[in-house]
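Chemist: this is a predicted model, with the sequence first.
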Amino acid sequence: MKNNELKIKDELQTESLFNGSLGRRSFLQFAGASAAGMALIAAGCKKDRGYPTTAGATLDFKDDFGVLNYAYALEQLEAAFYVKVASAPPASFTTAQKAYFQDIQFHEIAHREFFKNALSTAAIGSLEVDFSSIDFTSATSVLGAAMAFEDLGVAAYNGAGVRIKTDAYLVLAGKIVSVEARHAAYIRDIISNGSFADLTSLTALGANNAGGLDGALTPDKVLAIAGKYIKTKINVINL
């Protein structure tokens, strides 16, 4: 998995942003992420601010940087999952499914690297994941996990938006969650055609899509669910 991700990083770095013949995948990766990166840095990301990682990762929700690190943690989890799936998809995946999971993989890597680079020294460290509960040889297991990650990711961004004080950051979060929602809709439609907006799995936790609005979950609820897949201890303060 590490070798595969290094290869992917090389691809991301060698495809020049200044090449006028960028393909569809490259455009999706960089069109939003590169512009977002410039906006975030211009908004005044504090590069001299760091979080201790010796005893895990600390998410301090007293300001916007805690929210951005929260998003970074979730993007790390999703990227790690899709890298693993894309490197060895279930045998029963169709050619189209393999292609779409490859595209989602690149989106999530772009999201993860955007937050990492934009936050600079304010970023939490790399999280250690635990996917032992997922059978990556089973399409049913992989799709079920993908649905859980995507539904949770969308609800997480929606729930964290109210905590963002800087307009530029809120705009960026809105751009990213719109892509995550596309992922969620696609995965759900594979599992059960027409179920793209069904949030039954998160309803018990307080999320719902009544009135045509997507679900939202607070960070404590999101992290309680995501914790199943994260080995690194995450410390939450000022929530």
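Modeler: Nice, I can see it.

Chemist: hey, let's count contacts and neighbours off CA atoms from now on
Modeler: OK.

Chemist: element containing residue 235, please.
Modeler: For residue 235, the element it lies in under DSSP states H and E is strand 234-237.

Chemist: need the nearest residue in space to residue 157, chain neighbours excluded.
Modeler: residue 177 (6.2 Å; Cα to Cα, 6 or more residues apart in numbering).

Chemist: quick one: average pLDDT of the one helix or strand residue 72 maps to?
Modeler: Per DSSP H and E: residue 72 is located in helix 64-87. For helix 64-87, the per-residue pLDDT values average out at 97.

Chemist: picking up where we left off before, CA-only coordinates of the strand holding residue 235 in PDB, if you can.
Modeler: What follows is strand 234-237, C-alpha atoms only, in PDB (Å, rounded to 0.1, in the frame of the first residue of the first chain):
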ATOM      1  CA  ILE A 234      -7.400  11.600  19.000                       C
ATOM      2  CA  ASN A 235      -7.700  14.200  21.700                       C
ATOM      3  CA  VAL A 236     -10.500  16.600  21.500                       C
ATOM      4  CA  ILE A 237     -10.500  19.900  23.400                       C
END
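
Chemist: can you list the buried residues in that strand?
Modeler: By 16 or more other Cα atoms under 10 Å, the buried positions in strand 234-237 come out as 234, 236.

Chemist: need the contact partners of that strand.
Modeler: For strand 234-237, contacts defined as Cα atoms under 8 Å, 6 or more residues apart in numbering pick out 56, 57, 58, 59, 60, 61, 62.

Chemist: kindly recompute the last result at 10 Å.
Modeler: Strand 234-237 is contacted from outside by 53, 55-62, 66, 70, 73, 124, 127, 219-220, 223, 227, using Cα atoms under 10 Å, 6 or more residues apart in numbering.

Chemist: mean confidence for that strand?
Modeler: Confidence over strand 234-237 (mean pLDDT, whole number) is 93.

Chemist: neighbouring strands for it, and are they parallel or not?
Modeler: Applying DSSP bridges to the sheet, strand 234-237 is found paired with strand 57-60 (parallel).

Chemist: show me the helices in the chain, by range?
Modeler: For the chain, applying DSSP state H gives helices covering 2-14, 24-42, 64-87, 95-119, 139-160, 167-191, 200-203, 219-226.
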